[in-house]
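[1] Build the 3D model from these lines:
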Amino acid sequence: MSAKEHIQSLLKEAEIYRSQGLFDQSKEKYIEILEYIEKNKVALKDNKIIDAIKEKIREVDEKLTEIEESTDTPELAQEVQSLISNLFSFSKNKDTAAIEGAVAMAKFGQYEKALEEFEMLINEGALPLMAAMNMLRCHLSLATPEAAITQFKRWVSRDELGQGDLRYLRNFISDQLEKRGIKTELPQVGEIISGEKKTEEVDEGVLDLSSIGIELESGPRQGDMVEFDVTFQSGNTVSVIIPSKQKDMADLFKPGSQLSKVQCCSALAVFNSCGQVAGISKIESGPNRGNYSLDITITEE
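    The predicted structure is shown next:
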């Protein structure tokens, strides 16, 4: 591929990203073009193309600033929401796939749509504990613990969830509120009825986790155990947030790489396990915009 063809290819990618509203990726491609021209000393008849690319970067920066200053999360079109939900639903089990789709919506910043999906799953009795846990996580991700508390009180006052699930949820939300320094009186949960299971069965026997600790295996902090709150969970795959200012740490996690020491904390137990990096991506919208979402699949030791 000639230098001209390579530049044209990068320009096309940048424009595609820009047309889809993926402005960070678009900017990265424009910058890549400028760096390629400089590094490879590409001879240009004039500087018009460089000036044009710099203008594109300026326009993208203006758009990013506009989005940054906006207090609302952009609402995706219904067909795009459905596409995201379908693309990130991998399980053959219909209920688990529905949970994965709703979690994907939340990770893309579409919290209201995700909450609707989780509510529907609870009403249908489809993995209600997993759906309920992720509903609470949505509220906590939005920094609205009051909404999480109200939601839990509603579940206690109604017959939507079993006593065992409610006890589990109470332990979870109590732990999350304590971490945030929030003191509140949560309603007590009644005794488990004879024969009622304590919690719903979770895929592959993995408990719903509130946090994980990962021992870093490379970098300047090699050997350190770093703790992350779990933002979402689907089966044995959990999502955690790495702040944008810790990009160096985010770069350590390559998709497919193995993690030999993962400490898992749930409302019921703390145990050691292993893991695999399922994916990492930069969050493009919502309150965590600019941070990194790291997906870890918990595996047996």
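
[2] where does the stretch 151-300 of the chain dip in pLDDT?
    The stretch 151-300 of the chain contains residues with pLDDT under 70 at 190-207, 267-268, 285-287, 300.

[3] Show me the helices in it, by range?
    Assigned by DSSP state H, counting those that start in this stretch, the stretch 151-300 of the chain shows helices spanning 163-179, 247-250.

[4] Show me what the first one is packed against.
    Which is helix 163-179. Applying 3 or more CB pairs under 8 Å, 6 or more residues apart in numbering; DSSP states H and E, one finds that helix 163-179 contacts helix 128-141, helix 145-157, strand 209-215. Every residue, glycine included, has its C-beta placed from N, CA and C.

[5] Could you do the last one as well?
    Using 3+ CB pairs under 8 Å, 6+ apart as the contact criterion, the secondary-structure elements in contact with helix 247-250 are strand 292-299.

[6] The strand it packs on vs strand 209-215, what angle?
    Here strand 292-299 runs at an angle of 90 degrees relative to strand 209-215 (axes from the mean of the first three to the mean of the last three CA atoms, to 10 degrees).

[7] how about strand 292-299: buried residues?
    For strand 292-299, the neighbour count (16 or more other CB atoms under 10 Å) marks 292-298 as buried.

[8] center of the protein - which residue?
    K107 (4.0 Å; CA atoms, centre = their mean).

[9] dump the residue contacts of the closest residue to it other than its chain neighbours.
    Distances taken as CB to CB, 6 or more residues apart in numbering place S293 nearest to K107, at 5.6 Å, with adjacent residues excluded. Contacts here follow CB atoms under 8 Å, 6 or more residues apart in numbering; on that basis S293 touches 107, 231, 239-242, 280-283.

[10] can you pull out the strands in this structure?
    Along the chain, the segments classed as strands by DSSP state E run 209-215, 225-234, 237-242, 258-266, 270-282, 292-299.

[11] Of the ones you listed, give the one that comes closest to A114.
    strand 225-234 (9.0 Å; CB to CB).

[12] what's in contact with stretch 244-257?
    So stretch 244-257 is in contact with 216-219, 221, 226, 242, 276-280, 290-292, 294, going by CB under 8 Å, 6+ apart.

[13] Can you give me the buried ones in it?
    The neighbour-count check on stretch 244-257 (16+ other CB under 10 Å) flags 249-250, 252-253 as buried.

[14] follow-up on the earlier one: separate out the buried members of the contacts of stretch 244-257.
    Judged by 16+ other CB under 10 Å, buried ones among those: 216, 242, 276-278, 280, 291-292, 294.

[15] Adding distance to G181, write those out as a markdown table.
    Converted to a markdown table, these look like this (distance: CB to CB, whole Å):
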| residue | distance to G181 |
| --- | --- |
| L216 | 27 |
| I242 | 22 |
| Q276 | 34 |
| V277 | 31 |
| A278 | 32 |
| I280 | 29 |
| N291 | 21 |
| Y292 | 25 |
| L294 | 25 |
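
[16] just those residues now: which is nearest S2?
    Using CB to CB, those come closest to S2 at I280, 33.3 Å.

[17] Please name the bridge partners of that closest one.
    Here I280 sits in beta bridges with L294, going by DSSP bridges.

[18] Hmm, it is touching Y292, no?
    Yes: contact criterion CB atoms under 8 Å: I280 and Y292 qualify, at 5.9 Å.

[19] hey, what's in contact with both of those two?
    Common contact partners of I280 and Y292 (CB under 8 Å, 6+ apart): 242, 250.
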